[in-house]
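Chemist: below are the sequence and a predicted model; questions follow.
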Amino acid sequence: MNEEDREKIISNDYADLLLRYGIDLEKLVALEDYPINIINDKYTVIYFPASMIPLRVELGIKYSMIPKLFGLVDSSSLVEMGVVKVQSTPNLSLKGQGVLLGFVDTGIEYTNSLFKNADNTTRIVSIWDQTIDNMQASEDIFYYGTEYNKDIINLALQNEEPLSVVPSTDEIGHGTTLAGLAGGSRIEESDFVGVTPLAEYVVVKLKPAKANFNLYSPVPENTICFQENDIMFGIQYLINIANKLQKPIAICIGLGTNQGSHDGRDSLSDMISLLSNEVGNAIVVAAGNEGNRGHHYFGEIDKTLGYDLVDLKIGENESSFTMELWGNIPGIYSIDILSPSGEYIPRIPARINEFRVIKFLFEYTTVLVDYSLVESQSGDELILIRFQNPTPGIWRFKVYGGRITSGFHIWLPMQGFIGEDTVFLQPNPDTIVTIPGDASSALTVTAYDHKNQSIYRNASRGYSRTNIIKPEIAAPGVDVYSPLLGNQFGGQTGSSIATAQTTGVAAMILEWGIVKGNNRSVDTMQVKKYLIRGVNRNINIIYPNKEWGFGTLNIYGTFESLQGET
């Protein structure tokens, strides 16, 4: 790829399309002359002028081709999970030796003591920083960003100003916290150690989403968000490094979105499921923190009335957002709209490629309604409803069904991507695991308070839209003693905190199975089953369930159940 094409990868003047390699590409004849960047043998990305975005319908650009936007889903816990007991058992003592920990997140503070050996050398194999321009970037890092290997990181650590040698760091802290929880070195003076302190790291620092994505998926200004295709490139990079070193890898995904079908068939979830089935890979995903947010509605058509009434309260100062209605097969759905002032838009018929731009006279609001009767990845109906400058107040939608109906879901953007006061008045608390937590083969983790044994109040509940059991495991994720930037420590809460610790536990199983030779065919599905065998359960709760999955994580319980194999 030449320098001019490399510039298009990172330029805001060019938009990104995520395509199925060969299939979607053949349909976009008008875009065939623009740069193509291959993720793997199933997915590729094309970069075309952002000025052409308004022509997306004429160009044949489908919903599934537009990368989704993902946001962050934010040591007594080691005792709770059985980690200390396992590591104190002489014939186990699993601390991550020979295993890689992979993170696709906000980067890593490589100068932090958490990520160093006793001799001040790094435990990081490599960092791919997508935010640092390098017009000589090779195919190994997909032609953008800059890669720093262990040698140059060690050179930086010997310098009085390490960032002058390796200028990559984590300004936000999310990636550093997760990496530290999963495998941070022992810090005696702070009484901290990660789950697997002998593992090595491979890290991807994601570049921020391009500003032109507001034309597709508007988010509030200065919101931290990342593009789906950059995450997919990042995951593939981690896998490539693990394959090159011939080491197993446990990958932590602490990111999520409400965009998509919530059935595991979106591009990122599909990729994660495929890679989860490869021996040596354990991919662990956060369930999300959407509980009690009021961002999900489930409805069924009243057969007497012929419709279901949905009330949406839009808060003050909401500039623009998109919500998605997904109909369950075999139903066909359509909507009408009633604004807060009483302006009424009659039922918009469910037709192929039905697209309306509706301008409300009294509200000064524009609503775009886009029907996809057979969305290309899920095969289900999708109605995209995009608000521009929405008037605060109660907006009402009647959702009509066809001859056969089987229920529909509506999702608002996740926390941080929309104002706190924009909610459904009759929300449904289930089916709110954020994507890619619905990836069928991945291990999806929710958070609970290990101090009082209660589920985290904002934990996302399952199942998936197609009733796949999600989440599978609950791990400590409330006020967990965690590493912060600048060698500091403090309490942190969220499903990503639970996921990071579970990633460390997954690395323990990879070490036991692959490195120590007890089971050389371990993949994510086997890690999942091993952990389910060892869970703790409350005798008053029926499992699996939508809050706790199969139970709470207890790695010592896993090995107790495998006494004949240890």
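Modeler: Done, it's in.
Chemist: rest of the way, CA atoms for contacts and neighbours
Modeler: Will do.
Chemist: and the gap between residue 225 and residue 436?
Modeler: 15 Å (C-alpha to C-alpha, to the nearest Å).
Chemist: the more surrounded of these two?
Modeler: Counting neighbours by other C-alpha atoms under 10 Å for residue 225 and for residue 436 shows that residue 436 has the greater number, 34 against 22.
Chemist: is the more buried one in contact with residue 273, as I believe?
Modeler: No - in this structure, residue 436 sits apart from residue 273 without contact. The criterion is C-alpha atoms under 8 Å, and the distance is 9.6 Å.
Chemist: phi and psi next, for the residue lying closest to residue 130 once chain neighbours are set aside.
Modeler: Taking C-alpha to C-alpha, 6 or more residues apart in numbering as the measure, residue 130 lies nearest to residue 145, with 3.9 Å between them; neighbours along the chain are not counted. Dihedral pair for residue 145: phi 70, psi -170, per degrees, to the nearest 10.
Chemist: residue contacts, residue 145?
Modeler: Contacts here follow C-alpha atoms under 8 Å, 6 or more residues apart in numbering; on that basis residue 145 touches 128-134, 137.
Chemist: can you do 6 Å?
Modeler: The contact partners of residue 145, taken as C-alpha atoms under 6 Å, 6 or more residues apart in numbering, are 129-134.
Chemist: quick one: the strands in the stretch 201-350 of the chain?
Modeler: Ranges of strands within the stretch 201-350 of the chain are 226-227, 249-253, 255-256, 281-286, 296-299, 307-314, 320-327, 333-338, 344-348, based on DSSP state E, counting those that start in this stretch.
Chemist: tell me the strands beside the fifth one, with direction?
Modeler: So the one you mean is strand 296-299. strand 408-411 (antiparallel) (DSSP bridges).
Chemist: show me how the protein divides into domains.
Modeler: Taking automatic domain parsing as the domain assignment, the ranges for the chain are 3-66, 72-291+435-537, 296-424.
Chemist: pLDDT (mean, whole number) over the first one?
Modeler: So that's domain 3-66. Domain 3-66 shows a mean pLDDT of 81 in the predicted model.
Chemist: what do you get for the second one?
Modeler: Per-residue pLDDT values over domain 72-291+435-537 give a mean of 93.
Chemist: picking up where we left off before, any chance of the domains of the chain in TSV, with distance to residue 548 too?
Modeler: As requested, the domains of the chain are exported to TSV (distance: least, C-alpha to C-alpha, whole Å):
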stretch	distance to residue 548
domain 3-66	31
domain 72-291+435-537	6
domain 296-424	19
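Chemist: return the most buried member of these.
Modeler: Burial among the domains of the chain, expressed as mean neighbours by mean count of other C-alpha atoms under 10 Å, is greatest for domain 72-291+435-537, which shows a mean of 22.
Chemist: how much space between the closest residue to residue 253 other than its chain neighbours and residue 66?
Modeler: Of all residues not flanking residue 253 in the chain, residue 285 sits nearest, at 4.7 Å (C-alpha to C-alpha, 6+ apart). Distance check for residue 285 against residue 66: by C-alpha to C-alpha, it reads 22 Å.
Chemist: and residue 517, by the same measure?
Modeler: When distance is defined by C-alpha to C-alpha, residue 517 is 43 Å away from residue 66.
Chemist: of the contacts of residue 145, which belong to strands?
Modeler: Members of these lying in strands (criterion: DSSP state E): residue 129.
Chemist: which one among the contacts of residue 145 gets closest to residue 264?
Modeler: The nearest member of those to residue 264, counting by C-alpha to C-alpha, is residue 130 at 26.3 Å.
Chemist: contacting residues for the nearest residue to residue 422 once chain neighbours are set aside?
Modeler: Nearest-residue entry for residue 422: residue 314, 4.4 Å, with adjacent residues in sequence omitted and distances by C-alpha to C-alpha, 6+ apart. Neighbour list for residue 314: 392-393, 422 [criterion: C-alpha under 6 Å, 6+ apart].
Chemist: partners of residue 314 in the sheet?
Modeler: Applying DSSP bridges to residue 314 gives these bridge partners: residue 393.
Chemist: what's next to stretch 510-530, contact-wise?
Modeler: For stretch 510-530, using C-alpha under 6 Å, 6+ apart, the contacting residues are 96, 276-282.
Chemist: just the CA trace of that stretch, in CSV.
Modeler: The C-alpha coordinates for stretch 510-530 follow below in CSV (Å, rounded to 0.1, in the frame of the first residue of the first chain):
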residue,chain,number,x,y,z
LEU,A,510,-4.3,-22.0,29.3
GLU,A,511,-1.2,-22.5,31.3
TRP,A,512,-2.5,-25.7,33.0
GLY,A,513,-3.8,-27.1,29.8
ILE,A,514,-1.4,-26.1,27.0
VAL,A,515,1.8,-25.0,28.7
LYS,A,516,1.8,-27.8,31.3
GLY,A,517,0.4,-30.4,28.9
ASN,A,518,-2.8,-31.4,30.7
ASN,A,519,-5.0,-30.5,27.8
ARG,A,520,-3.3,-29.2,24.6
SER,A,521,-6.7,-28.6,22.8
VAL,A,522,-8.0,-25.8,25.1
ASP,A,523,-10.0,-23.1,23.4
THR,A,524,-12.5,-20.6,24.7
MET,A,525,-15.4,-23.0,24.8
GLN,A,526,-13.3,-25.4,26.9
VAL,A,527,-12.2,-22.6,29.2
LYS,A,528,-15.9,-21.7,29.6
LYS,A,529,-16.9,-25.3,30.5
TYR,A,530,-14.0,-25.7,33.0
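Chemist: distance between that stretch and the chain's centre?
Modeler: Computed by C-alpha atoms, centre = their mean, to the nearest Å, the chain-centroid distance of stretch 510-530 equals 24 Å.
Chemist: now stretch 210-219
Modeler: 18 Å.
Chemist: contacting residues around it?
Modeler: Counting contacts by C-alpha under 6 Å, 6+ apart, the residues touching stretch 210-219 from outside are 12, 321, 417.
Chemist: where along the stretch 101-250 of the chain do the helices fall?
Modeler: Counting by DSSP state H, counting those that start in this stretch, the stretch 101-250 of the chain has helices at residues 150-157, 174-183, 228-245.
Chemist: could I get the ones you listed as a markdown table with distance to residue 81?
Modeler: Converted to a markdown table, those look like this (distance: least, C-alpha to C-alpha, whole Å):
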| stretch | distance to residue 81 |
| --- | --- |
| helix 150-157 | 31 |
| helix 174-183 | 13 |
| helix 228-245 | 26 |
